[in-house]
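Peer 1: Return atomic coordinates for the entry below.
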Amino acid sequence: MSESAPDPRLQSLINQLLPGVVRTVKVTGFDGSDVLVELVNAPGEEAEIGRIPRYEASMRRMEHPSELFEVGQEIKAEEIGRWREGQLHLSARACEIPALRSFLLSFERGQVVTGTVSEVHNFGVFVHLDGEPEGLCTGFIRVPDLTWGWISHPNEVVKAGQRITAEVIIAETRSGQVTLSLKALREDPLLRFADQVGRVLTGPITRIVPFGVFVQLAPDVVGFLHLSELTDQPVETPDQLVDEGELITVKVTEVDLRLRRVRLGAVGGAV
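Peer 2: As a prediction, the model looks like this:
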């Protein structure tokens, strides 16, 4: 259940990461750790000079690109943009493994895919996608794309070895990775909660921060109560007044679907 109109900022970033045109280039030298190349054009056409930044040279570890490339060698590279007064920059790593590139180019944004969780880390989840080239792990889920609710660690949502179904955000030839979303296939819980403005609810405090507390209002729906709503007395932090896990009665004052924010007002204080 993806959004019909993605955030323009996200769409702009995605557009920058989309695969570019593949060109045949000839290595002409090195500038520090960058690879200097000349585009191989049709006979009679003027040659264009380009550059492959070190971080775009290869997915393999190396001290210097000269370990992988020789002057005069012809390679395939993907166009990634123009810098330095129009100089063309390219990525050799995007074309390094033909089978991987072909696999990545088979995906479209919004496509539903399946795979098996490989590793779970505090920064995200790696996934073996069905049909990926042997020996590679191509899927990745960022923490914010795992669930609509707040979690302290991704292992609260998935475990290694678990089969999953997810939606493609973008397949990047330069990183060799498909960014996925689990929550895109689930309805945003705020959509059903939007009509709760004005209601008085009771729920547990899930987190205490210096300027207020977060209150669980429904499954995967958390609202924020500012410190000023808790008391009229001067206090430095909310934990002088309430404890995590304590029930508190609040009034829903705003549900902002665009910012995904629920604001609360206190009613009778903690109970």
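Peer 1: contacts and neighbour counts: CA atoms only from here.
Peer 2: OK.
Peer 1: Okay, domains of this structure per the record?
Peer 2: Annotated domains of the chain cover 20-97, 105-185, 189-270 [automatic domain parsing].
Peer 1: tell me how far the ends of the first one are from each other?
Peer 2: Put plainly, it is domain 20-97. 16 Å (CA to CA, to the nearest Å).
Peer 1: so how far is it from its chain's centroid?
Peer 2: Distance of domain 20-97 from the chain centroid (CA atoms, centre = their mean, to the nearest Å) equals 27 Å.
Peer 1: likewise the last one?
Peer 2: Distance of domain 189-270 from the chain centroid (CA atoms, centre = their mean) equals 28 Å.
Peer 1: for the residue most central in space within the chain, what are its contacts?
Peer 2: Nearest to the geometric centre of the chain sits Arg142, at 4.9 Å (CA atoms, centre = their mean). Going by CA atoms under 8 Å, 6 or more residues apart in numbering, Arg142 touches 123-125, 179-181.
Peer 1: again, only using 10 Å
Peer 2: 121-126, 154, 179-182 (CA atoms under 10 Å, 6 or more residues apart in numbering).
Peer 1: Compare those residues and tell me which has the most neighbours.
Peer 2: When neighbours are counted by other CA atoms under 10 Å, Leu180 leads those with 28 neighbours.
Peer 1: Name the strands paired with the helix or strand harbouring that residue and say parallel or antiparallel.
Peer 2: Here Leu180, judged by DSSP states H and E, is contained in strand 177-181. When sheet partners are counted by DSSP bridges, strand 177-181 sits next to strand 139-142 (parallel), strand 163-172 (antiparallel).
Peer 1: Enumerate the positions of the first one that are buried.
Peer 2: Neighbour-count burial for strand 139-142, with 16 or more other CA atoms under 10 Å as criterion, is recorded at 139-142.
Peer 1: got it, and stretch 171-187?
Peer 2: Buried, per 16+ other CA under 10 Å, within stretch 171-187: 171-174, 176-184.
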